[in-house]
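Chemist: quick one: sequence and predicted model below, then my questions.
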Amino acid sequence: MTRQLRSRASRPNYAAMIGLPEDEDGAGPSNAPIESDGSSSDFAPGEEHAEDEADDMELDEAEAEPEVDAPAAKRKRSAPSTRENSVLDYGSASVIARGKKTPAKATPRRSVATMPALALSSSRQTFNLPHLHHRHRSTGIYKKEGKIERLVRPPKLFEPEATVLTNAWATNEVVNARVNKSWGNNVGPGPLWELAEDRGWFKEAGSTSKTAERELRPRVHDHVVLGPYELLTYEEATPYLPSDTGATDEGDLKPPPPVACSFGPFGKQTRREMKMFDTLRMSEFFPGSKAHVFNAGAPAWGIDWCPIHPDDRPYYQYRQYLAVAPFPSKSHSPMIGSRVHRPTTACIQIWTLQPSNSQGDSMNVDGTAAKTSANPVSEDGSEMRCEMVLCIESGPAFEVKWCPLPSNDRSRDSGDGMHGPRKLGIIGGTFEDGSLTFYTVPDPTTISRPTGHSADEPILVKLLDPLLRIELEETSCWCFDWANSEVVAVGCTNGSIAVYNVGKALIGEPVATDTPLLPTHYFTAHQSAIRSLSWVRAPTISASGEATTDDPTVIASGGYDGVECITDIRDMCGNAINRTRDVVTAMEFSTYIGSAVTIDHENMIKAYSVSPTTLGRGHTVLEPNGPVWSLSASDYHPQLAIGVTDGSCLTTNTMRSTRRGGLVPFLEHKIYQLDYSRALGEYRMLENFLPKETQNRPAASRQNKAVPVGTGAWPAEVGVHRVVWNDGNGLARTPLLASATGSGLCRVDWLMGKWVKDQLPYTGIEGMRGERAGIFEEDDDSD
């Protein structure tokens, strides 16, 4: 018996239902597009959109299936949409021939009910990704309106900055566009002093109407007193200082060997041997250079600048204090999650960048100005010196960070009657004993040196008790970050994040002995140890749409599981923004571009936006030749500093133009390159590199272009472990960049920006900031 097929159900003629003429072959409108004289887009009424409608008809053809003689399943009718009726005017529609090739696959489209028993598909307008050579313009999250301070002349390192009030970057849309575009004209390694402004946010500043630095970054922890300490001799402090890998025949520790390194122009370098605490001015080899190199004695993972209140900077002669935390020896290798038992000796070194004419015991006791006719201060004559060594028993530090707001005691000339030792600030760190520990650092200018102690040697101070120590029984603290002066977030080796409010504990408020300091939040964010995290410092918004003075709630973190996620502690559920087959060694939040800057595969550095308009979208910032060790973004400028394992320290502009091939190229600046010879056991530091245009490796690979790549293997001694900009010491000190390497050599650079072709856009800074009276002319948005 032959098989009989069911007759095919007849299909309604949609063209006849809406009054369209049929084709000669009876194909109907499924093979012919519909053109309308009216607008077919709700977003651009009154314009021709024939091309968009043609794309819509391509989707119609892709959705059509071939007719086969087979048992037909029940066809589901598309449910009427709840959207408003279509505004298409089919009375003026006509049918034209079609010659476009249809795509192989199309996305489903929603239906729009236009009349009973008829549903016309209507595609929603989507947000297209940028072109290969185009990216989204970055924007900040915290939009401060009103006035802000800016510099009126080039900054001097050891002189007070001259500032004037100007319009903040978010005063209006015109100023916002002009300032952000102007930052893209920077082709130098550092910030443009004309455009530098403080875009950071701290809840201690209160309302957004404040303009001065002392209001935006007020003094905190006035009631925290300096803890007990004792002065040590060099023999007593030897177990705390970095040492050689071996010992003497008597079993005593040996000082670390000097580091042999060649400095100077390529081909004309000079070999120098630097002992521990030795310093070197790079102006000896490069006239006009303001960089300094010093030897901390061992590899350092922690380095940070100490913020000083503006009222106290003249007392310190505008010295800059830098904390450096070296390892006990060159061969020391920490294990993740492995704790050491206390007491384990280690140290934190306090270095100063000061005028060269300042003597070791020179204190501006009477508060007079540092610059006089008989005692001139030259910025080119600055020097680095180790002022003090803090001897601790928590083990070596993995990361150290000062309190981001000034916490130093008031100077003597303020009339408060304080004449004893004072604190320089509060420093916190994660240490090898698995704890997060905070210390009060004494002011070295208020400590009397022991009898017979040389003025050229650092003061050796043993801190007897920490200000606060936080430990978790089931895990170890690996990294941390300050949200403000009271709230900290800790990344643990078990993949958890703990948030603490340490404000009352730092003051020393009495608590019950059986009630330890508990975290306000504790949740799992990663499947393995968290390597780096950073707070998104932005105010929370109330239900009425107003910014509040509550603590930040968003944390960006990266771990050894290769996951980069953003977590709101109010939800305590991590949202992965990227996954990579590598350890996420660095995570930094940039206030200027409102993005979490981190790493990606193939050593790329990407910025993932946390702004609501472009949430989660990322773009490549830089592609160094090796894995990234550290990243640093500033609250005063958009320059990003990168420390790489191949020994290079790089900077780049994160607010560059949004399109490649324009007037301003995408440049990366190599500040210096550290090399190591295994055969000789010596180092070489190269600098004065020409800027290099950033390579787009994926695009070059698709175009079969040759892209230079590194060897993929470098000595561990040359890695740049930590880079940090000088935030918290005013607009005049923002060009300072400090870096620490695996050789023990550390470096401080003074980096300035440069306008492309030495031309300021918008006829000067007054035009960029909208300081001139009158009405703005309409700006061109094209780059």
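Modeler: That came through, no problem.
Chemist: show me the helices in this structure, by range?
Modeler: Ranges of helices in the chain, per DSSP state H, are 14-17, 50-63, 173-183, 213-216, 234-237, 503-507, 697-702, 765-769.
Chemist: show me what the fifth one is packed against.
Modeler: The reference is to helix 234-237. In this structure, helix 234-237 makes packing contacts with strand 459-463, judged by 3 or more C-beta pairs under 8 Å, 6 or more residues apart in numbering; DSSP states H and E. The C-beta positions use only the backbone N, C-alpha and C, and glycine is treated the same way.
Chemist: mind telling me which of the helices of the chain the model trusts least?
Modeler: Of all these, mean pLDDT reaches its minimum on helix 50-63 (a mean of 41).
Chemist: shouldn't V718 be in contact with G744?
Modeler: No: with contact defined as C-beta atoms under 8 Å, V718 does not count as touching G744 (11.4 Å).
Chemist: list the contacts of P406.
Modeler: Under the criterion of C-beta atoms under 8 Å, 6 or more residues apart in numbering, the neighbours of P406 are R217, P218, R219, V220, P307, I308, H309, D312, G425, G728.
Chemist: residues touching the fourth one, list them.
Modeler: When the contact criterion is C-beta under 8 Å, 6+ apart, the partners of V220 are E204, C403, L405, P406, S407, S485.
Chemist: for K254, state which of the residues you listed is nearest.
Modeler: C403 (36.1 Å; C-beta to C-beta).
Chemist: how about the contacts made by the closest one?
Modeler: Taking C-beta under 8 Å, 6+ apart as the criterion, C403 is in contact with V220, H221, P307, G425, I426, I427, G428, W482, S485.
Chemist: hang on, isn't the third one packed against K401?
Modeler: Translated: P307. No: contact between P307 and K401 fails when scored by C-beta under 8 Å: they sit 10.8 Å apart.
Chemist: neighbour-wise, which of those two wins?
Modeler: With neighbours defined as other C-beta atoms under 10 Å, P307 and K401 compare such that P307 has more, 23 against 20.
Chemist: enumerate every residue touching the closest residue to T238 other than its chain neighbours.
Modeler: What sits nearest to T238 in space, not counting adjacent residues and going by C-beta to C-beta, 6 or more residues apart in numbering, is L253, at 5.8 Å. Counting by C-beta under 8 Å, 6+ apart, L253 touches T238, P239, S243, D244, A247.
Chemist: what comes up buried for stretch 570-579?
Modeler: G574, I577, N578 (16 or more other C-beta atoms under 10 Å).
Chemist: now do it: distance to the chain's middle.
Modeler: 18 Å (C-alpha atoms, centre = their mean, to the nearest Å).
Chemist: dump the residue contacts of the residue nearest to F285 when sequence neighbours are not counted.
Modeler: The shortest distance from F285 to any non-neighbouring residue, by C-beta to C-beta, 6+ apart, is to G264 (3.9 Å). Neighbouring residues of G264 by C-beta under 8 Å, 6+ apart: T270, F285, F286.
Chemist: which of those residues tops the neighbour count?
Modeler: Most surrounded of the contacts of G264: other C-beta under 10 Å gives F285, at 20 neighbours.
Chemist: just the buried residues of stretch 570-579: which are in strands?
Modeler: Counting by DSSP state E, the buried residues of stretch 570-579 place I577, N578 in strands.
Chemist: would JSON lines of the buried residues of stretch 570-579 with pLDDT be doable?
Modeler: Converted to JSON lines, the buried residues of stretch 570-579 look like this (pLDDT from 0 to 100):
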{"residue": "G574", "pLDDT": "86"}
{"residue": "I577", "pLDDT": "92"}
{"residue": "N578", "pLDDT": "93"}
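Chemist: kindly indicate which of the contacts of V220 lies nearest A291.
Modeler: Nearest member of the contacts of V220 to A291, counting by C-beta to C-beta, is P406, at 26.3 Å.
Chemist: how about that closest one, phi and psi?
Modeler: phi -60, psi 130 (degrees, to the nearest 10).
Chemist: with N501 as the reference, measure out to it.
Modeler: P406 sits 20 Å away from N501, going by C-beta to C-beta, to the nearest Å.
Chemist: so how far is N653 from the residue nearest the centre of the chain?
Modeler: In the chain, the residue lying closest to the centroid (C-alpha atoms, centre = their mean) is E588, at 3.3 Å. Separation of E588 from N653 (C-beta to C-beta) stands at 15 Å.
Chemist: T270 too?
Modeler: As judged by C-beta to C-beta, T270 and N653 stand 33 Å apart.
Chemist: contacting residues for S532?
Modeler: S532 makes contact with C479, G491, S557, G558, V584, T585, A586, M587, E588, T598 under the criterion C-beta under 8 Å, 6+ apart.
Chemist: make TSV out of the residues you listed and add pLDDT.
Modeler: Below are the contacts of S532 laid out as TSV (pLDDT from 0 to 100):
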residue	pLDDT
C479	96
G491	97
S557	97
G558	96
V584	95
T585	94
A586	96
M587	96
E588	96
T598	96
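Chemist: could you tell me the per-residue confidence at N85?
Modeler: Listed pLDDT for N85 reads 43.
Chemist: to clarify, my last question referred to T139.
Modeler: On pLDDT, T139 comes in at 77.
Chemist: can you show me the strands along the stretch 251-400 of the chain?
Modeler: With strands called from DSSP state E, counting those that start in this stretch, the stretch 251-400 of the chain shows them at 259-263, 270-274, 279-281, 292-295, 300-305, 320-326, 346-355, 382-392, 397-402.
Chemist: tell me the strands beside the shortest one, with direction?
Modeler: So the one you mean is strand 279-281. With DSSP bridges as the test, strand 279-281 is paired with strand 292-295 (antiparallel).
Chemist: hang on, the earlier thing: which of the contacts of G264 lies closest to P735?
Modeler: Among the contacts of G264, and counting by C-beta to C-beta, the member closest to P735 is F286, at 16.6 Å.
Chemist: neighbours of L390, how many?
Modeler: A count of neighbours around L390, defined by other C-beta under 10 Å, yields 23.
Chemist: just to check, it is in contact with A346?
Modeler: No: counting by C-beta under 8 Å, A346 is not a contact partner of L390; they are 9.3 Å apart.
Chemist: give me the beta-bridge partners of the residue nearest to T238?
Modeler: With DSSP bridges as the rule, L253 is bridged to A247.
Chemist: perfect, I'm done here.
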